[in-house]
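> Dropping the sequence and predicted coords here.
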Amino acid sequence: MALLTVDQEKCKRDGICIAECPAAIIEFKEKGAFPTLIDGGEEFCISCGHCVAVCPHGAMSHAIMKPENCPPVQHEWFLKPEQMEHLMRSRRSIRTYKKERVDRQVLVQLIDVAHYAPSGANLQPVEWRVIHDSGEVRQLAGFVIDWMRSLIKAESPLASSMHLDRIVAAWEAGKDRVCRSAPHVIVAHAQKKNRAAPAACTIALTYLELAAFSFGLGACWGGYFNAAATNWPPMQEALRLPEDHTSFGAMMVGYPKFEYQRLPLRNEAKITWQ
């Protein structure tokens, strides 16, 4: 089967697919011809689907996706700048959660949205580990505390700079400042040697955090959790990621206990022009 197929009855030969192909592997071989792959183009295709998605006539098909299988863009659903600004400013990092668990299918839907985040060369390296059981979330938080205790005992500069003694003291007093008693934690992980993985996981988790808001969920980056997941062998063993994988970020997720009423202020953006 050909990598690209052009419906010649629909194609207007406007060159949009050629202009938008990120790998620059589509061309007009001669004037008046239909768009086609350059010689050897199969080797460089990243299967992003841009050519299928951008064609206004539905004329381009890719071996792994046809235009009829790609839902149309609903332009009327797009947010206006002021609506987007409000969404971004009203998003809060949630650190107080209801005890109510989130249904697994809701989390599947949330991750399904987040996994459309862009990745370098469309490698899509991100995989997801969902700690759904709240008891296991607390158990993993305990491993994070053990890691903190080890840093304090070793008089690590990190322990003093991050005031880890306060986190440990809170834990010993019955307060979880590691996972904030969130019912669930979602970990984005990938192969350690994949150079696209750190950025891809960070972007995907950002998508997840923003999308959570639309599901009525709250989310917060689990910085302590991820630090232990990348540095503390007992934590790594408990997390049970594939041997060649590592965590590139963790997100606490649950139903927020409280609802925010105002948009807090931030410092002015520092912009330089060149």
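Structure received. It should be emphasised that the depicted structure is a prediction, and the values quoted were computed from it without experimental measurement.

> helices or strands next to whichever strand or helix holds Q83 in the packing?
Applying DSSP states H and E as the criterion places Q83 in helix 81-90. With contacts taken as 3 or more Cβ pairs under 8 Å, 6 or more residues apart in numbering; DSSP states H and E, helix 81-90 sits against helix 197-214. (C-beta placed from N, C-alpha, C; glycine too.)

> Can you give the contact residues for whichever helix or strand comes after the helix it packs on?
Per DSSP H and E, the first helix or strand lying C-terminal to helix 197-214 is strand 218-221. For strand 218-221, the external contacting residues (Cβ atoms under 8 Å, 6 or more residues apart in numbering) are 92-95, 97, 180, 182, 205, 208-209, 212-213, 249-256.

> what is the mean pLDDT for strand 218-221?
Mean per-residue pLDDT for strand 218-221: 98.

> and it, how far out from the chain's middle?
Here strand 218-221 is found 13 Å from its chain centre; the criterion is Cα atoms, centre = their mean, to the nearest Å.

> With only the CA atoms kept, save it in CSV.
The C-alpha trace of strand 218-221 is given here as CSV (Å, rounded to 0.1, in the frame of the first residue of the first chain):
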residue,chain,number,x,y,z
GLY,A,218,-8.0,19.3,40.2
ALA,A,219,-4.4,18.6,39.5
CYS,A,220,-1.0,19.5,40.9
TRP,A,221,2.5,18.6,39.8
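
> how about low-confidence regions in the stretch 51-200 of the chain?
Nowhere does the stretch 51-200 of the chain drop to pLDDT under 70.

> still on that earlier bit, okay, buried residues for the next helix or strand after the helix holding Q83 please.
Moving toward the C-terminus from helix 81-90, the next helix or strand (DSSP H and E) is helix 104-114. Buried residues in helix 104-114, counted by 16 or more other Cβ atoms under 10 Å: L107, L110, I111, A114.

> and which of the residues you listed is nearest to A197?
Closest approach to A197 among the buried residues of helix 104-114 (Cβ to Cβ): A114, at 15.1 Å.
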